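A.B. asks: Sharing a sequence plus its predicted fold:
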Amino acid sequence: MVDEKEDLDYLFVLKALKELPFNCGRKLLKDFLMGKEENSSISRNKLYKLENFGSMAYMDDELNKMIDNLILNGLIHLISMEGNRFAKLLELTAKGNEEIVNPTLYKKKLSYNFSESKTLISDKDKEFFNEFEEFLERFNDEQKKAIVCNNDKILCIAGAGSGKTSSLIKRIEFLIKYRSVSPEKIMAITFTRKARQEMISRLSKISCTQDVSVETFNSFCEKILRKFNDLIYGQSVKLITYSDKITIVQKALENIDINSYQAINLYFDKNQRRGKTNEELFRILLNDCFFVKDYFNFKNKPLKEIVLNAEIKNKKVIEMIFEICNYIDKYMKDNGLRDFADQLIDTINFFKKENNLIPNFEHILIDEYQDINSTQIKLIELLNSRNLFCVGDPRQSIYGWRGSDIKYILNFDEKYPNSEIINLTKNYRSTKYIVKFINSAIKEMNFKDLEPMIEGDKEIELNNFPSEDLEFMYIAQTILTSSTPKKEIFVLARTNNKLKDLSEKLTLLNIPHAIKNETNENEDIFEDKVTLATAHSIKGLEADMVFLMGCTKNNFPCIGSEHPVIEMIKVEEYDKEEEEKRLFYVAMSRAKKSLYLTYQGKNPTYFITDEMYSLLGKENLNSRISNARKEIETQENLPLTGEINNSVLDMLKGWRRISSQKENVPAYCILNDRTLKELAIKIPENIHELENIHGIGSSKIEKYGKDILKIVNYKG
């Protein structure tokens, strides 16, 4: 678990913004927090007299990360300076104000909520494995336990490349062949059509498993709704097509007397429009409208709430979205159409009314459990299978922005107290160098490191380029000169914009390639071609050679969004920076043999840690933690009791300010706040008593001892 006190340090940033008498830029805020009185704004406005001046013992780049995280999580927002729209000021949001009073952000971190335990393989387990030696021979002990475990509630936390699908398929075979479970009483559920087809294909090669139900949540619900259509609806109802969606949104826009061009320009800002055609922008707007409709249906909330809770600056956009969503809802009901969200909701409502018609499965196995949302959980609870086997990886939870909730995999053992938790940590996909590298990327999230099972060569690079064009040229030339088959090469980016620009370069060089996005699940088009893809859409796939381009602090974490309304309605509460870091991890973990990280400009993403730089044989010049910082981390945890002499404290702060200016170091490098307060409580009279003050070692006593004693014993 994390150190709760250290994890609350971000509150000093919020308190400083609240305390400052005017909105400020990033530099002034950082200088204020680090106690730099030489900043002209600080000295001119006497900001050094404020309580939070010099309150943070952090280096510049660390404060930048913290501020980025607070912006990402909606506690601070950027506003334009009057008369200069390019200059951005920081402003505390209503959510940020609430956070000061009732801190919750630190509790959303995985390191706060999750502690992964080691899977215990007992002698009894090993004896049982030996009984099925021939059946289990190619599996490791943890996989064997997942396959044969007799507990009725099992969670298998399966790291990248750990053979989770193979284990799930083998468990189904075990249940049928050795537990005499009827195939008709088993259902496996996954999330995508591609994953479902892969599972069906694997099961088809095993005798006596043909009658196992393999479904996505959507395909299962669609079958139920078709079977009981007359009981559920008063008319014939069919699944909506994409063509239907286009027609409905166009009609909705006509209904509010606005054309698609006007709607796009109202909905997206200039940066969000960059690099996209009007057709692509319209498609995003369309998908976002259906997302909003489904989100409010899932939450069983009236759509009108979207308008009531809108911030003033978003009012026009939100009102347009509300009108479109309202029209969609009514049109679909009037014309007997349902979408994927309706399938889930209608099936759940039907099962609640007609529980005698709920199919009876003895065993339900769920893949990608980290992606499950609250509505899907309700369906699983209604199916109420006695045996539940869930497979997932919280390291790869990257869909919080569209409603997935990581808490279901993290809190599995709370919901099912007697459940068995099995960890699959052996990685059979990537070389040992890549595995060690990706382990380092999420070290602070408290996961067990994946264990590499493949040797291979050290083919990991971080390359910087003076321009984006040279970055693209490097990727293209590396692809051209590589002997790796084109279908074994992925080029990944955080957003679609960079993919489009690179695609133009590859086309000029006659390099065959295909762009993959989340709406395209037809993998046939990627045969013998370089796949270009966003990091989100590539999850579940792997390739020998992976490029992850645009590894800058603007892309990882990506503060902007291609889906404006998702930010406006604050979909779910989770730590967005951590999810961005997991996305970075997912992208890198696709690589089997070679991993190339590229970026242009001065600074790469701060997601690349010191340990990762070390593994690359490089030094991170932007991440130096001073001895003063380490000392403060130790001292701040010590208890402090007694009445503070405020006049002495003020004099000490004034002396520290002058000393920091003379030595050109942050104020906390002289003495930290906690030490100043202890001095103002204990009022030491001599060097011996000064030695008992925490945070003042012999070198500081030699340097500052006489001055400190003069100040604290000043009689005035």
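C.D. replies: Sure thing, it's come through.
A.B. asks: drop to CA atoms for contacts and neighbour counts, all remaining ones
C.D. replies: OK.
A.B. asks: Run a quick neighbour tally on Y585.
C.D. replies: Using other Cα atoms under 10 Å, Y585 has 22 other residues around it.
A.B. asks: Spatially central residue for this protein, please.
C.D. replies: Centroid-nearest residue in the chain, with Cα atoms, centre = their mean: E579, separated by 0.5 Å.
A.B. asks: How about the contacts made by that one?
C.D. replies: Taking Cα atoms under 8 Å, 6 or more residues apart in numbering, we find E579 in contact with S397, I398, G400.
A.B. asks: Export the host helix or strand of it to CSV, keeping only CA atoms.
C.D. replies: Taking DSSP states H and E as the definition, E579 sits inside helix 576-588. Taking Å, rounded to 0.1, in the frame of the first residue of the first chain, the C-alpha atoms of helix 576-588 are listed here in CSV:
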residue,chain,number,x,y,z
LYS,A,576,-6.9,9.2,-15.4
GLU,A,577,-3.1,9.5,-15.2
GLU,A,578,-2.8,5.9,-14.0
GLU,A,579,-5.0,4.7,-16.8
GLU,A,580,-2.8,6.6,-19.3
LYS,A,581,0.2,4.9,-17.8
ARG,A,582,-1.5,1.5,-18.2
LEU,A,583,-2.2,2.4,-21.8
PHE,A,584,1.5,3.1,-22.3
TYR,A,585,2.2,-0.3,-20.7
VAL,A,586,-0.3,-2.1,-23.0
ALA,A,587,1.2,-0.6,-26.1
MET,A,588,4.8,-1.6,-25.2
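A.B. asks: where's it relative to the chain centroid, distance-wise?
C.D. replies: Helix 576-588 has its C-alpha centroid displaced from the chain centroid by 5 Å (Cα atoms, centre = their mean, to the nearest Å).
A.B. asks: Give the next helix or strand downstream of it.
C.D. replies: Later in the chain than helix 576-588, the nearest helix or strand by DSSP H and E is strand 591-600.
A.B. asks: so that next one versus helix 576-588, what angle?
C.D. replies: 120 degrees (axes from the mean of the first three to the mean of the last three Cα atoms, to 10 degrees).
A.B. asks: so what does whatever helix or strand F437 lives in touch, helix or strand wise?
C.D. replies: In this structure, F437 is located in helix 432-441 according to DSSP H and E. Using 3 or more Cα pairs under 8 Å, 6 or more residues apart in numbering; DSSP states H and E as the contact criterion, the elements in contact with helix 432-441 are strand 451-454, helix 576-588, strand 591-600, helix 610-616.
A.B. asks: could you redo the last one with a cut-off of 7 Å?
C.D. replies: Judged by 3 or more Cα pairs under 7 Å, 6 or more residues apart in numbering; DSSP states H and E, helix 432-441 is in contact with strand 451-454, helix 576-588, helix 610-616.
A.B. asks: Contacts for the helix or strand where Q477 lies, please.
C.D. replies: According to DSSP H and E, Q477 maps onto helix 468-481. Here helix 468-481 makes contact (Cα atoms under 7 Å, 6 or more residues apart in numbering) with F465, L502, L506, T598, Y599, Q600.
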